[in-house]
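Trainee: Coordinates for the following, if possible.
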Amino acid sequence: MKYISAILIVLMLQACAYFGEDEDDTVNWTADRLYAEARGALDSGRYAEAVELYQKLESRYPFGTHAQQALLDLAYAHYKDSEPDAAIAACERFIKLYPQNLRVDYAYYLKGLANFNRGKGITSRLIPRDQAQRDPSSAMRAFQDFSELVKRFPESEYVADSEQRMRYLRNNLAQNEVYVANYYMRRGAFVAAVNRARFVVENYPRTPSVPDALMILAKAYRVLEMDDLSADALRVLKLNYPDHPGVSKVEAVEVR
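Mentor: The predicted structure follows:
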């Protein structure tokens, strides 16, 4: 009986080996070939394949001549393969390991792009949604990433695009605050609405959302019977945005 059991075990192991996964064809590849194949996959848009090959290169030749560029390419492959968390992790690893690398500015930029485009998959392309209504946490992280790039590498070729994206993000973040403030107004949470609107005026002073924030401040203060503050907000609104429709809306608000 013992012999039969042993034979069965051997046969099972052989069957597993026979029907198991195919042998890795890359086992005997040199670092140069791995990098070339990975780069070819990346350039051809086969991002999942590129990720797999770059990961093999990194694990087999962690200190080779291609190590630094391969890690940066891996981050880009993750980014193009819609894996923002993996892309950000690879960028952060590159920044930590190679802070003096001539392309470290690109790692900061790519990290910002991954946060900037987080969640913008096929669903959002087919069903467009107001960007101001998105979760602002990724936008804030992207703004910080681009800001750090601009501060650390003012001569970088990525500064101009980063600054443009920062302006876009500031506008969206301000608009998001106004969106939430309006929600609080509809709910009758006037103090919360004031806090959101005031944050816009104080922190995003040159964005298109400022007049709407001033209107909310004037309306909320008026309902709260804080007439002096309401008058101040309305005065600033009239002075800077005299044609804004919020002026007449504030004046039409009935105090409880």
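Trainee: Give me the below-cutoff pLDDT ranges for the protein.
Mentor: Low-confidence segments of the chain, defined by pLDDT under 70: 1-23, 119-135, 251-256.
Trainee: can we see that at 50?
Mentor: 6, 8, 10-11, 13, 15-22, 121-129, 132 (pLDDT under 50).
Trainee: which residues in it form strands?
Mentor: Taking DSSP state E to define them, one finds no strands in the chain.
Trainee: S209 and A181 touch, don't they?
Mentor: No. Between S209 and A181 there is no contact under Cβ atoms under 8 Å: 9.6 Å. Where C-beta positions appear, they are placed from N, C-alpha and C, glycine not excepted.
Trainee: quick one: which of those two has more around it?
Mentor: Just comparing S209 and A181: by other Cβ atoms under 10 Å the higher neighbour count belongs to A181, 27 against 24.
Trainee: ok, the more buried one - contacts?
Mentor: When contacts are counted by Cβ atoms under 8 Å, 6 or more residues apart in numbering, A181 touches 192-193, 196-197, 200, 213, 216.
Trainee: any idea how far Y35 is from it?
Mentor: Distance, A181 to Y35, using Cβ to Cβ, to the nearest Å: 52 Å.
Trainee: thinking again about what came up before, what sits in contact with each of S209 and A181?
Mentor: With Cβ under 8 Å, 6+ apart, S209 and A181 have common neighbours V200.
Trainee: Identify the residue spatially nearest to D227, adjacent ones excluded.
Mentor: Among residues not flanking D227 along the chain, Y221 sits closest, at 7.5 Å (Cβ to Cβ, 6 or more residues apart in numbering).
Trainee: neighbours around the one you found, how many?
Mentor: As a measure of burial, Y221 has 24 neighbours, counting by other Cβ under 10 Å.
Trainee: R141 now?
Mentor: R141: 18 neighbours (other Cβ under 10 Å).
Trainee: Would you quantify the distance from it to S147?
Mentor: In terms of Cβ to Cβ, R141 sits 10 Å off from S147.
Trainee: swap in Q69?
Mentor: 26 Å.
Trainee: For R152, see how far away R93 is.
Mentor: Taken as Cβ to Cβ, the span from R93 to R152 is 17 Å.
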